[in-house]
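1. any chance you can model this:
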Amino acid sequence: MGYTGLGTSIALAKRGHTVTCVDTNPEKVTLLSKGRSPLFEPGFSGEIAALSRRHRLIASIDTPAPVRDADIIFLSVGTPSQPDGSLDTTQLGAACLSVGEGLRGRRRQLVVVKSTVVPGTTESVVIPALESKSSLHAGDFGVCVNPEFLREGHALEDSLRPSHIVIGERDRASGNALLRIYAGFACPKVRTSVRIAEAVKYATNAFLATKVTFANELANICTRLGLDVDEVLRGMSLDPRINPRHLVPGVGFGGSCFPKDLRALVSLSRGVGYEPFLLTTTLSVNERQHMEAVRLLENELRPLSGKRVAILGLAFKGGTDDVRESKALAVASELLLRGAHVVGYDPKAAANFTKAFRGVEIAATVEDALRGSDACIIQAAWPEFSRLGPKQFALMQTPIVIDGRRTWTPRRVPKGIRYRRIG
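-> This next block holds a predicted model:
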């Protein structure tokens, strides 16, 4: 049960459905059984507790038994990257085999793929696995693809009030069944084929990642020209053809979606004989974008050897405890290579960061992180960082602040600090 599975479960349970959350991790199942969220996401804890008390949300480590009683089964398991960038569908295949066991003897149940999968995966992995264990054929059970478009940190809001819903249907009856579940959601709904629905998710994330990277590339140029990139972007976005969302420069994108999905799309493209130069360049720029923060720091504090540098924000962004592909990992690695002593602070992600990376001192408070530091890098946009002021920065040995997330506008930068930002 990750962000997508829990978000979907809460949204449907609040609509009056009884939802069983299945996970192979006994710790997650135990927490959910006690009405507690197994991960940090704003709003999840309260909703899970309330729905559990009303017996709308149930947890199980067993798959076949809940499947036998279900009308609709949502598949929301991880599809991580393999070394070559392609998707690892091992977890998805295993989940489908377990679901297939539960489908035996029941006809016309609906299986919905919410996992992010490249076009063709539902037909080549999901359906064959379901058929092999159920002794049924696709058509005896329904199949849809229903990609998620959640933002970590806003997963509850996006689940309860989605901006749009895409339904990829293997047949009309399958699409009708899923559409009935979503009947109460007031947003545009698109019905299309299974493969198109699979592709829509990748097209969306590839486009958004490219917008972020364009903003970063422009910011890097503006930094060297002495221009305020925010002013450039503001003027550019007055053009009605340009939406300013995601045109926000920083240290690069991370998380469980953008990097993984771009790599999968690149791998898929190469597999059909096409070299996707734009996508590979987007990945390449993003992989080195964190070096802009390191470069700005070195311009202010060279050499870094023996210096104490604080990283504020260890998650890949504010509002989550997810450190997957967080730029804090890359920044910390570069600082350690240069001989710096690195101390990190994050309101929620410290424990996950410690599991993923060794060699960084973890501070209990932002004040502890700043105390005695020669510089700090703001890596994730947590609200408490925007409230920092002269009192907190006075704790530093030298108040050098490298802002990787546009914490303040130029007019609101705290007094008494040497402030640098990308762009």
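
2. for the closest residue to residue 91 other than its chain neighbours, give its distance to residue 61.
-> Once flanking residues are discounted, residue 91 sits nearest to residue 77: 4.6 Å by C-beta to C-beta, 6 or more residues apart in numbering. For the C-beta atoms, the positions are set from N, CA and C on the backbone; glycine is no exception. Distance, residue 77 to residue 61, by C-beta to C-beta, to the nearest Å: 14 Å.

3. the more surrounded of these two?
-> Using other C-beta atoms under 10 Å as the criterion, residue 77 and residue 61 rank with residue 77 on top: 22 against 14.

4. that one: what's it in contact with?
-> 91-92, 95, 115 (C-beta atoms under 8 Å, 6 or more residues apart in numbering).

5. just the ones of those residues in helices?
-> 91-92, 95 (DSSP state H).

6. among the residues you listed, the buried ones, what's the ChimeraX command?
-> To isolate the buried members of those in ChimeraX, using 16 or more other C-beta atoms under 10 Å:
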select :92,95
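
7. number of residues surrounding residue 387?
-> Residue 387, neighbours per other C-beta under 10 Å, totals 11.

8. helix or strand for residue 48, which one?
-> Element membership for residue 48 (DSSP states H and E) is helix 44-53.

9. for that helix, name the packing helices and strands.
-> Judged by 3 or more C-beta pairs under 8 Å, 6 or more residues apart in numbering; DSSP states H and E, the packing partners of helix 44-53 are helix 3-14, helix 26-33, strand 57-60, helix 155-160.

10. which among those is found nearest to residue 303?
-> helix 3-14 (40.9 Å; C-beta to C-beta).

11. what lies in contact with the closest one?
-> Residues contacting helix 3-14 (C-beta under 8 Å, 6+ apart): 1, 19, 21, 23, 37-39, 41, 44, 47-48, 51, 56-57, 74, 76, 114-115, 148, 150, 152, 155-156, 158-160, 181.

12. the nearest residue in space to residue 35 that is not next to it in sequence and residue 200: what is the separation?
-> Leaving aside its sequence neighbours, residue 35 sits nearest to residue 52 (C-beta to C-beta, 6+ apart; 3.6 Å). Per C-beta to C-beta, residue 52 is found 33 Å from residue 200.

13. please apply the same query to residue 257.
-> Distance from residue 257 to residue 200, by C-beta to C-beta: 14 Å.

14. equivalent analysis for residue 36, please.
-> For residue 36, the distance to residue 200 (C-beta to C-beta) stands at 34 Å.

15. of those two, who's got more company?
-> Using other C-beta under 10 Å, the more surrounded residue of residue 36 and residue 200 is residue 200, with 19 against 14.

16. how deep is residue 189 tucked in, by neighbour count?
-> 16.

17. ok, how many other residues are close to residue 198?
-> 25.

18. so where do the strands sit in the chain?
-> Per DSSP state E, the chain carries strands over the ranges 19-22, 57-60, 72-75, 110-113, 142-145, 165-169, 189-192, 308-312, 341-345, 361-362, 375-378, 400-403, 418-421.

19. shouldn't residue 403 be in contact with residue 420?
-> Yes: applying C-beta atoms under 8 Å, one finds residue 403 in contact with residue 420, separated by 7.1 Å.
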